[in-house]
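Asker: Turn this into a model:
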Amino acid sequence: MHIANWQDNGPALRAIRETVFIHEQHVPVELEWDEFDADCLHILAVDSTGKPIGTARLLPDGHIGRMAVLREWRSHGVGGVLLQRLLEEAKKQHLCLAVVNAQTYAVGFYTKFGFRTVGEEFIDAGIPHVRMVSQLCRQTG
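Answerer: Below you'll find the model as predicted:
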């Protein structure tokens, strides 16, 4: 697992996201790719042979997204390691709030990492989501 960037690791990052979001979840291609990838911090998980198996990104404003793990690696802790690493990177950047638009089936996963739901369910790319936040800095006061 390592920090990746779009310029050097784009093909590997794209391949994982295409498999998970476009092929499995039927997210329209035009909704998957945006202008933010070049400015994000990406994490790339690889297996013992170096094959890419998962990815996630952190936007400069603290939004976490595009978390994707290949099917055969789900339920092996890859997603948790990806999320934990992004939260560590967010803290290093002195971000006080992490935000994720979680697919509703994944709310329990994010809750285990300190996220809480805010607001109502909404549809994004035809999939139900909820906004979740995690306070990364101590509140004084």
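
Asker: could you point out which element follows the helix or strand of the chain with the lowest mean pLDDT?
Answerer: Using mean pLDDT, DSSP states H and E, the weakest-scoring helix or strand in the chain turns out to be helix 29-32, at a mean of 89. Using DSSP states H and E, the helix or strand that follows helix 29-32 in sequence is strand 41-46.

Asker: so what's the nearest residue to F113 once chain neighbours are set aside up against?
Answerer: Closest residue in space to F113, ignoring its immediate chain neighbours: L83 at 5.5 Å, by C-beta to C-beta, 6 or more residues apart in numbering. C-beta: built from backbone N, CA, C; applies to glycine. Neighbour list for L83: A56, I64, M67, F109, Y110, F113 [criterion: C-beta atoms under 8 Å, 6 or more residues apart in numbering].

Asker: just C40 next, same as before
Answerer: Taking C-beta under 8 Å, 6+ apart, one finds W6, R57, L58, L59, P60 in contact with C40.

Asker: cool, and N9?
Answerer: N9 neighbours (C-beta under 8 Å, 6+ apart): H42, L44.

Asker: And the helices in this structure?
Answerer: With DSSP state H, the ranges of helices along the chain come out as 6-17, 29-32, 78-92, 107-111.
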